[in-house]
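Trainee: Predicted model follows, preceded by the sequence.
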Protein chains: 2
Amino acid sequence: MARTAAPGSRERILDTAAGLFYRYGVRAVGMKQVIDAAGCGKNLLYTHFPSKNDLVAAYLRECRRERARSAAAAAGEVPGDDPAAQLLALVGEIVTTVGRPEFRGCAFRIYLTEFPDDQSEPARLARDYLRDSRAEIDRLVARLGVTDPGQLADRVWLIVEGLYASAARSESAGAADAATQLVRDLLAGARER
Amino acid sequence: MARTAAPGSRERILDTAAGLFYRYGVRAVGMKQVIDAAGCGKNLLYTHFPSKNDLVAAYLRECRRERARSAAAAAGEVPGDDPAAQLLALVGEIVTTVGRPEFRGCAFRIYLTEFPDDQSEPARLARDYLRDSRAEIDRLVARLGVTDPGQLADRVWLIVEGLYASAARSESAGAADAATQLVRDLLAGARER
DNA sequence: GTCTATAATGGGATAGAC
DNA sequence: GTCTATCCCATTATAGAC
């Protein structure tokens, strides 16, 4: 239970910081910039987040929550229990995400690129997210009942990585279509056996 | 003693800087770190490279030269003039590159992630490289004579992006096989029509 | 009592001067 | 090469406003 009087201050600071971190990069954004943008005093920020690392960790945890919410919503719209349909929905959700105008790349992948050898909490959060994302694909592919699920999962994962990377810089249109169709073809090819 | 700098000094400094920039990131490496690692004086470095931006630009130009050398060697081993074989060789060369133990990602993509809104010379060099790489794929795909070359090029490019991204963090083995086989399938499918 | 504003700390950055 | 100037960083401490 937070003993802060203003209930929204933590969220407001975190939202501001998250927007800046995502837009300009964690390393490029200083605490002063966050403070100025949030319109708060230095002490307030440091009482809520004792260090920049804590603020960054909260940012990545917020990203994770958002990703989980979006993925759950997309998975919830798939009728029945077809793993192929769920894989398509998973890729479709990423296609939607990378198509948003504010999309600049996957926050976790960006963080790990910015801090390659990092072992702190943010790096752990980023790696956890990527591991879990990959595991989710493995889980769905395993339920397809194909002869070589590991190989198929590798390919789907490669396409997901390509989609995130491609959309992060160039226009996402071509990448989105390519990813969608490639996964569709993979699933169709797997079903034939 | 030589009043002109020792002939190898510029290269030695650049090699040292390149290794550090690539390994730890451009932002994370300071000029003092480069000077200490190169074992040179500050004046010598600043004589050859008047600013960090100049040093970074030289680093990326060196990366470009290395990539061109490696790509030309791979293309030279393809007998005849078959664009499909050249595309496979292109992907194969990247597979070899990302499989090297020191591989940590594509230097140009890493730079643009570190400096997203940058308009300086290094950013221009990075974007030029990516544009030219994409154009090379477009050029080869166009020579295949398929009905929708733009679509096929989008897919090959997505796989290349996925290969670089995937290999930058996780083990490259699965990604390499996945990319090779996906491109092979794409080219086989295109030939059937 | 909760916040803001500001100063000060200590470190490291690029870069120039000698 | 060393020494210095200037700036920005994260963080802490102080002092005052509502």
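Mentor: Perfect, thanks for sending it.
Trainee: So which bits of chain A are right by DNA strand D?
Mentor: Within reach of DNA strand D by Cβ under 7 Å from any atom of the strand, chain A has these residues: A:29-33, A:42-43, A:46, A:50-53. (C-beta placed from N, C-alpha, C; glycine too.)
Trainee: Return the member of these nearest to residue A:66.
Mentor: For residue A:66, the nearest member of these is residue A:29. The distance, counting by Cβ to Cβ, is 18.7 Å.
Trainee: What's the local residue count around the closest residue to that closest one other than its chain neighbours?
Mentor: Distances taken as Cβ to Cβ, 6 or more residues apart in numbering or on different chains put residue A:20 closest to residue A:29, at 4.5 Å, once the chain neighbours are dropped. Around residue A:20 sit 20 other residues, with neighbours defined as other Cβ atoms under 10 Å in any protein chain shown.
Trainee: ditto for residue A:75
Mentor: Residue A:75 has 15 neighbours, counted by other Cβ under 10 Å.
Trainee: Same check on the one 3 residues further on?
Mentor: Close neighbours of residue A:78, defined as other Cβ under 10 Å, add up to 17.
Trainee: Also residue A:63?
Mentor: Residues contacting residue A:63 under the criterion other Cβ under 10 Å number 20.
Trainee: do the one 10 residues further on as well
Mentor: By the criterion of other Cβ under 10 Å, residue A:73 has 11 neighbours.
Trainee: can you check residue A:54 too?
Mentor: Counted by other Cβ under 10 Å, the residues lying close to residue A:54 total 14.
Trainee: nearest spatial neighbour of it, skipping sequence neighbours?
Mentor: When the adjacent residues along the chain are set aside, residue A:54 lies closest to residue A:121, with 7.9 Å between them (Cβ to Cβ, 6+ apart).
Trainee: And for that neighbour, the neighbour number?
Mentor: The local packing of residue A:121 (other Cβ under 10 Å) involves 15 other residues.
Trainee: again, but for the one 3 residues further on
Mentor: Residues lying near residue A:124 (other Cβ under 10 Å) number 13.
Trainee: Against chain B, how distant is it?
Mentor: 14 Å (Cβ to the nearest Cβ, to the nearest Å).
Trainee: quick one: low-confidence parts of chain A?
Mentor: Scanning chain A with the threshold set as pLDDT under 70 gives A:1-6, A:193.
Trainee: Please parse it into its domains.
Mentor: A:7-50, A:64-192 (the TED database).
Trainee: and the lengthiest helix in chain A, does that touch DNA strand C?
Mentor: When secondary structure is assigned using DSSP state H, the longest helix within chain A turns out to be helix A:52-76. No - contact check for helix A:52-76 against DNA strand C, using Cβ under 7 Å from any atom of the strand: none in range, with a minimum separation of 12.0 Å.
Trainee: Could you give me the buried positions within that helix?
Mentor: A:52, A:55-60, A:62-64, A:67, A:71, A:74 (16 or more other Cβ atoms under 10 Å in any protein chain shown).
Trainee: Which of those residues sits closest to residue B:13?
Mentor: Of all the buried residues of helix A:52-76, residue B:13 sits closest to residue A:52, with 32.2 Å by Cβ to Cβ.
Trainee: The residue nearest to the closest one when sequence neighbours are not counted: what's it in contact with?
Mentor: Excluding its sequence neighbours, the residue lying closest to residue A:52 (Cβ to Cβ, 6+ apart) is residue A:31, at 5.8 Å. For residue A:31, the contacting residues are A:42, A:45, A:52, A:55, taking Cβ atoms under 8 Å, 6 or more residues apart in numbering or on different chains as the criterion.
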